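> Predicted model and sequence follow; I will ask about them next.
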Amino acid sequence: MTISDRIFEKLKELNMPQKRFSEETGISQSTISEWKSKGTNPTSEKILVICKVLNVTPEWLLSGIENTGGRGNNTDWYVVDKNTEIGLLIKAYHSLDAKQRERLKGYLEGMIIKLE
């Protein structure tokens with residue numbers, strides 16, 4: 001099964017019309033139709049927004065396999081929408097210089113110790 005097959009399978013499962021999917025992802029309806037008619041797949045830069053709209057993981061979309069339970073490798077990373085509170089915090093963190101980052105990490109460690 002291809003990536004586009006999984007997308008259309010999930011759209012059907014969610015009863016989501018292609019028009020709504022297009023609006024929520026910002027991907028043109030003609031591009032989505034092309035995936036179906038030509039059997040092509042979305043470009044890599046569209047994967048995360050597709051996952052967000054369909055509420056699936058990139059692992060599932062790309063491979064059809066969902067990492068559940070104790071099997072498989074747990075990832076050491078997160079996928080975060082840059083427009084969320086966490087995304088904005090990450091952006092702010094990356095704007096700091098090394099000294100400021102170390103200072104911020106010290107504050108956070110102090111706060112965590114106080115909470116425990």
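Yes, it's here.
> mind giving me the domain ranges of the chain?
3-63, 85-115 (automatic domain parsing).
> The ones you listed: which one's closest to Val79?
In terms of C-beta to C-beta, the element of those nearest to Val79 is domain 3-63, at 6.1 Å. From N, CA and C alone the C-beta is placed, and that goes for glycine too.
> Now the weakest link among the domains of the chain, please, by mean pLDDT.
Of all the domains of the chain, mean pLDDT reaches its minimum on domain 85-115 (a mean of 88).
> Okay, buried residues for it please.
Buried residues in domain 85-115, counted by 16 or more other C-beta atoms under 10 Å: none are found.
> Distance from the chain centre to it, please.
In terms of C-alpha atoms, centre = their mean, to the nearest Å, the centre of domain 85-115 is found 23 Å from the chain centre.
> picking up where we left off before, include distance to Val79 when you put the domains of the chain into JSON lines, please.
Formatted as JSON lines, those follow (distance: least, C-beta to C-beta, whole Å):
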{"stretch": "domain 3-63", "distance to Val79": "6"}
{"stretch": "domain 85-115", "distance to Val79": "10"}
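> May I ask which helix or strand encompasses the residue lying closest to Leu54 once chain neighbours are set aside?
Ranked by C-beta to C-beta, 6 or more residues apart in numbering and with sequence neighbours excluded, the top spatial neighbour of Leu54 is Lys10, at 4.8 Å. Following DSSP states H and E, one finds Lys10 within helix 3-14.
> roughly how far out does the next helix or strand after that helix sit from the chain middle?
As assigned by DSSP H and E, the chain's next helix or strand after helix 3-14 is helix 18-25. Helix 18-25 sits 16 Å away from the centroid of its parent chain (C-alpha atoms, centre = their mean).
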